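1. Build me a structure from this.
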Amino acid sequence: MSETLHTPTEVAQLLRVARGTVYRWIREGRLPVRRTPGGYPRIHPDDVAALRPAKGEGR
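-> Residues are numbered from 1 along each chain as shown. This is a model prediction of the structure:
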């Protein structure tokens, strides 16, 4: 069974940030990615969950 991985656009929607922010996090190494055979970035759900602020934090 294969893992369900998210695209940067899906991650942006889940975290309610701009897609450019997700790509910046990828470039900075804050968000680990796996690459498809075509070179497209995919993000594991656990890595997305790690970026979500804890309840009570944020704006």
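
2. Need the contact partners of stretch 20-28.
-> Stretch 20-28 is contacted from outside by 8-9, 11-12, 15, 31, 33, 41, 43, 51, using Cβ atoms under 8 Å, 6 or more residues apart in numbering. The way it works is simple: take the backbone N, C-alpha and C, and place the C-beta from them, glycine included.

3. pLDDT and secondary structure added to these, as JSON lines?
-> Output for these, formatted as JSON lines (pLDDT from 0 to 100; DSSP: H, G, I helix; E, B strand; the rest coil):
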{"residue": "Pro8", "pLDDT": "98", "secondary structure": "helix"}
{"residue": "Thr9", "pLDDT": "98", "secondary structure": "helix"}
{"residue": "Val11", "pLDDT": "97", "secondary structure": "helix"}
{"residue": "Ala12", "pLDDT": "96", "secondary structure": "helix"}
{"residue": "Leu15", "pLDDT": "94", "secondary structure": "helix"}
{"residue": "Leu31", "pLDDT": "96", "secondary structure": "coil"}
{"residue": "Val33", "pLDDT": "97", "secondary structure": "coil"}
{"residue": "Pro41", "pLDDT": "97", "secondary structure": "strand"}
{"residue": "Ile43", "pLDDT": "98", "secondary structure": "strand"}
{"residue": "Leu51", "pLDDT": "87", "secondary structure": "helix"}
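
4. Drop anything exposed from these.
-> With burial judged by 16 or more other Cβ atoms under 10 Å, the buried subset of the contacts of stretch 20-28 is 8, 11-12, 15, 31, 33, 41, 43.

5. any chance of those residues in JSON lines, plus distance to Val22?
-> JSON lines is the format used below for the buried ones among the contacts of stretch 20-28 (distance: Cβ to Cβ, whole Å):
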{"residue": "Pro8", "distance to Val22": "4"}
{"residue": "Val11", "distance to Val22": "5"}
{"residue": "Ala12", "distance to Val22": "5"}
{"residue": "Leu15", "distance to Val22": "8"}
{"residue": "Leu31", "distance to Val22": "7"}
{"residue": "Val33", "distance to Val22": "10"}
{"residue": "Pro41", "distance to Val22": "9"}
{"residue": "Ile43", "distance to Val22": "8"}
